[in-house]
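**Q** Got a predicted structure here, sequence first:
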Amino acid sequence: MRHDTWTRRAMLATAVTTAGSGMARAQAAERPLRLVVNAGLQVLDPIAGTSFVTRNFAYMVFDTLVAMDSQGIMRPQMLQGWKASDDRLTYNFTLRPGLEWHDGQPVTAEDCVASLKRWGARDSTGRRLMGAARSLRATATDSFVLELARPFGGVISALGKPSVHVPFMMPARIAANTQPTEPVKEIMGSGPFVFLRNEWVPGEKASFRRNPRYRPREEPADGLAGGKRVFIERAELLSMDDPSMRVAALQANEVDYLEYAPFDYLPILQRDRGTTLAKPGGIAQIMGGLVLNHAQPPFNNLKVRQALQLALDQGGIVAAHGLPDGMFLPRCQSMTLCGTPLSSEAGGEALRPDMERARAVLRESGYDNERVVLLDAQTSSLIHPMAMVVSDQMRRLGLNVDHQVMDWATAAQRWLSSEPVERGGWSAVPVVYTGFDMADPLVNVGISYNGTRAAPWLYDDAALTPLLREFEAEPEDNMERRRALAAEMNRRALINVNMPLTGQFSSPAVWRSELQGVIDFGFPVLWNIRRA
């Protein structure tokens, strides 16, 4: 009798424990995964928009035909696969079965063709790919063909381009009827999350729910590739301007993930067992740069640009972040980032910072004290500290600097202006880009936009154009020739001062240690994550 009573009690305790565990798992899944982004989400269209936060948003709600894994290899994503002809002038693509848009409509090859054409009218790599194409057309509901008029060695890499502008897929009814610089009015993707537009507070909060229609690939998640399995029901992107508030919210378990750990708090976060720091390196590192208005005085003058490039001390600029040893380079003049496969500092040997020499070049330029309007995105913890040092170094050079502080959204809109500074124009904008946006010359913002007049990339070097054309035709497996071409393009970009570099560094993400399955890729992806 006593044995039966004990057995009943044990069974009841087990049932309660099991129910409690199930409830805990359900509660963990229902609790929103909260990511604090570096800048508030203002633009929802990843083709019209240029910001990282828009890219991060887009990876949640849209999907790509091809995706980069953690080793930098391009793998099929929405595609079942592809087949190239022996001469590499014809590519046949087949979609995975069962893909659906968030409204339940099937994804078709026609949708993909329209999406690629819209992307190809906007993105630097896309423009080059479409420029090499004879035709791009659907051949069935689940297949399409790309026929090239001339060789283009990086077709698959272009389709898997991981950062701005990413060739995300949209329904043809949207992509075919929206200009590439005009934001789409409807957010309809096929990705692992559904955007809750009625809950969106622009610049502050964006909310999502798990997409029950999403069919992940069978293979494990790997970088941006593989199975995008979502184990949480809701997610949120939040904006917090104050770095101390971000860290306090993370340590208090009010948020789960910071896109970038505030540099001042890195030693604290490194010691905190409740948080885990990412380990970015190589292509996941960041390069600072200075976008110059080549169409307006004074930076339409090559000598003025060259003087500025000589005056910029990368070590002093990056030191503004107070980074620990090992997280920055004192100097790098590789447009494609130091430490990446196509890295080259060709032409950089003559660019060691030298203020006296820089001032002499400025005098030679005939600079007449024209006003230099510097747009400083104060809300960006990555850009603002560097902008302050850049502004000081420009003044020490002898430039008449008008340092204007604003939020990132305002700066991003302002630099599209072609007006002179007297009518709201601009001269220089400090920016940061990851290796995903720079490690390949056809992606690189300081090389690939040459001669396109695509604002704000107004540089134009006639000697760079044939190099780009030769590089784009070179097969990706011919690395020796591609490295040689990349080196020569680096030399030309530095000679013409397309975009002077301000320093390479790491800016790690940080997340709560109870999060399991976080993909440390270089920017945040919110699939594959469970709560312990």
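**A** Everything's here; your move.
**Q** Output the below-cut-off pLDDT ranges for the stretch 1-150 of the chain.
**A** 1-29 (pLDDT under 70).
**Q** quick one, strands of it?
**A** 33-37, 66-68, 74-76, 79-84, 90-95, 133-140, 143-148 (DSSP state E, counting those that start in this stretch).
**Q** Given the first one, what are its sheet partners and their directions?
**A** Each strand paired with strand 33-37, and its direction, by DSSP bridges: strand 234-239 (parallel), strand 257-258 (parallel).
**Q** Low-confidence stretches in the chain?
**A** The chain contains residues with pLDDT under 70 at 1-29.
**Q** Return the residues in contact with the residue nearest the centre of it.
**A** The C-alpha lying nearest the average C-alpha coordinate of the chain belongs to Ser163 (CA atoms, centre = their mean; 4.0 Å). Residues in contact with Ser163, defined by CB atoms under 8 Å, 6 or more residues apart in numbering, are 52, 55, 434, 436-437, 443, 523. Every C-beta, even on glycine, is put in place using the N, C-alpha and C of the backbone.
**Q** Make CSV from these and add neighbour count, secondary structure and distance to Thr502 to it.
**A** Conversion of the contacts of Ser163 to CSV gives the following (neighbours: other CB atoms under 10 Å; DSSP: H, G, I helix; E, B strand; the rest coil; distance: CB to CB, whole Å):
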residue, neighbour count, secondary structure, distance to Thr502
Phe52, 25, helix, 17
Arg55, 20, helix, 22
Thr434, 21, strand, 15
Phe436, 24, helix, 18
Asp437, 26, helix, 15
Val443, 25, coil, 19
Phe523, 21, coil, 20
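**Q** now the residues you listed in a markdown table, with distance to Arg150?
**A** Formatted as a markdown table, the contacts of Ser163 follow (distance: CB to CB, whole Å):
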| residue | distance to Arg150 |
| --- | --- |
| Phe52 | 33 |
| Arg55 | 30 |
| Thr434 | 30 |
| Phe436 | 27 |
| Asp437 | 26 |
| Val443 | 20 |
| Phe523 | 33 |
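**Q** hmm, back to that, mind checking the strands of the stretch 1-150 of the chain for the one nearest to Ala307?
**A** Relative to Ala307, the nearest member of the strands of the stretch 1-150 of the chain by CB to CB is strand 33-37, separated by 36.4 Å.
**Q** and for that closest one, what are the contacting residues?
**A** Identification of contacts with strand 33-37 by CB under 8 Å, 6+ apart yields 53, 56, 232, 234-240, 246, 249-250, 254-259, 515, 524, 526, 529.
**Q** Return the distance of it from the chain's centre.
**A** Using CA atoms, centre = their mean, to the nearest Å, we find the averaged C-alpha position of strand 33-37 to lie 17 Å away from the chain's own average C-alpha position.
**Q** is it true that Ala67 touches Ala221?
**A** No - because the distance of 10.1 Å does not satisfy CB atoms under 8 Å, Ala67 is recorded as not touching Ala221.
**Q** higher neighbour count, these two?
**A** For Ala67 and Ala221, the more surrounded residue by other CB atoms under 10 Å is Ala67, and the numbers stand at 25 against 21.
**Q** Look up how far Gly223 lies from that one.
**A** Distance check for Ala67 against Gly223: by CB to CB, to the nearest Å, it reads 7 Å.
**Q** that older thread, nearest to Gln71 among the contacts of Ser163?
**A** Nearest to Gln71 out of the contacts of Ser163 is Phe436 (CB to CB; 14.0 Å).
**Q** backbone phi and psi for Arg229, please?
**A** phi -90, psi 130 (degrees, to the nearest 10).
**Q** Can you name the residues in contact with stretch 482-493?
**A** Contacts of stretch 482-493 with the rest of the structure, by CB under 8 Å, 6+ apart, involve 333-336, 341-342, 344-348, 441, 446-447, 461, 463-464, 467-468, 470-471, 474, 476, 499.
**Q** Buried ones among these?
**A** Burial by neighbour count, 16 or more other CB atoms under 10 Å: within the contacts of stretch 482-493 this picks out 333-336, 342, 344-348, 441, 446-447, 461, 464, 467-468, 471, 474, 499.
**Q** Helices - which of the residues you listed land there?
**A** Among the buried ones among the contacts of stretch 482-493, the subset assigned to helices under DSSP state H consists of 464, 467-468, 471.
**Q** Format the residues you listed as CSV; extra columns: distance to Gly503.
**A** Compiled in CSV, those are given as follows (distance: CB to CB, whole Å):
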residue, distance to Gly503
Leu464, 23
Leu467, 25
Leu468, 25
Phe471, 26
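**Q** Just list the residues touching Asp376, thanks.
**A** Under the criterion of CB under 8 Å, 6+ apart, the contact partners of Asp376 comprise 383-384, 387-388, 391, 403-406, 411, 430.
**Q** Most neighbours out of those residues, which is it?
**A** Compared across these, Ala387 has the highest neighbour count, 28 neighbours, by other CB under 10 Å.
**Q** which SS state does it fall under?
**A** At Ala387, secondary structure determined by DSSP: H, G, I helix; E, B strand; the rest coil is helix.
**Q** just wondering, since we're on it, how far is it from Glu219?
**A** Applying CB to CB, one obtains 43 Å for the distance of Ala387 from Glu219.
**Q** Arg531 too?
**A** From Arg531 over to Glu219 the distance is 23 Å, taken as CB to CB.
**Q** now Asp437
**A** In this view, Asp437 and Glu219 are 26 Å apart by CB to CB.
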